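>>> let's see this in three dimensions:
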Amino acid sequence: MSARELPPLVIDYTGMHLAGVDEVGRGPLVGAVVAAAVILDPARPIAGLNDSKALSASRREALDGEIRCHALAFALAEASAAEIDELNIYQATHLAMRRAIDALSPAAEYLLVDGNRLPGHHVSGQAVVKGDARHPAIAAASILAKVARDADMVTLDVQYPGYGFARHKGYPTREHLDALERLGPLAEHRRSFGPVKRQLGLA
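Okay, here's the model as predicted:
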């Protein structure tokens, strides 16, 4: 059964502020990892929510606007490349998630977190494997995080046009690796990641 065919997660926490939490940017060689937390309004459902990777860029951007307009609460947060290098990507991802959860107003009362681990927040919840394809609140969080991080990469592309960030979004594509070898790492590159370490002579 594919991610798109997974059954929806059936959870009834009527009256609770149920927050979906997801992240984008664990795999890239550059920039922050971005997390989002979203509390949807049951009275204002949003059609078409799905794993952000299964949606076109234009559809993600349209849904991003709907989520921001109709959700009870949403928040975005990040952990920087420097924090990723200091903590490791796993711990930095959870740091970004905790920051997003903490920024929600109203506050979350229960968490649904994409993946197989909770981020160590005091609010109780559950981790949901492939949750962005199974629960609308997690899907909404994945969309906000993806749109925000992609926008960061477009901004970085304007600053450093030789690297192709607007196209590969910082992932280790052939284009990115060639640019890294030709132009060298930027301050925004993650020095703890293998291809960057090798260019810096640290591997």
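
>>> buried residues, the longest helix belonging to the chain. List them.
Longest helix in the chain, counting residues (DSSP state H): helix 136-159. Within helix 136-159, the residues scored as buried using 16 or more other Cβ atoms under 10 Å are 136-150, 152-153, 156-157. (Each C-beta comes from the backbone N, C-alpha and C, glycine too.)

>>> what comes into contact with the helix or strand following it?
Where DSSP states H and E defines the elements, the next helix or strand beyond helix 136-159 is helix 165-168. Applying Cβ atoms under 8 Å, 6 or more residues apart in numbering, the contact partners of helix 165-168 are Val30, Met153, Val154, Leu156, Asp157, Thr173, Glu175, His176.

>>> and the first one, backbone torsions?
Read it as Val30. Dihedral pair for Val30: phi -140, psi 150, per degrees, to the nearest 10.

>>> residues contacting it?
Ala81, Leu156, Tyr163, Phe165, Gly170, Leu186, Glu188, His189, Arg190.

>>> so how far is Asp157 from the closest residue to the second one other than its chain neighbours?
For Leu156, the nearest residue in space outside its immediate sequence neighbours is Phe165; the separation is 4.7 Å by Cβ to Cβ, 6 or more residues apart in numbering. Using Cβ to Cβ, to the nearest Å, one gets 4 Å for the distance from Phe165 to Asp157.

>>> does Val34 count as helix, strand or coil?
Under the three-state scheme (DSSP: H, G, I helix; E, B strand; the rest coil), Val34 adopts strand.

>>> so it makes contact with Ser80?
No: in this structure Val34 lies outside contact range of Ser80 using Cβ atoms under 8 Å: 10.5 Å.

>>> more crowded one of these two?
In this view Val34 and Ser80 are compared by other Cβ atoms under 10 Å, and Val34 has more residues nearby, 25 against 16.

>>> list the contacts for Leu183?
Gly162, Tyr163.

>>> I'd like to know how many residues surround Ala166.
14.

>>> quick one, what contacts Val196?
Val196 sits in contact with Leu29, Leu180, Pro185, His189, Arg190, where contact means Cβ under 8 Å, 6+ apart.

>>> show me the two of those residues that sit farthest apart.
The largest separation in the contacts of Val196, counting by Cβ to Cβ, is between Leu180 and Arg190 at 11.3 Å.

>>> overlap of the contact sets of these two?
Counting by Cβ under 8 Å, 6+ apart, the shared contacts of Leu180 and Arg190 are Leu29, Val196.
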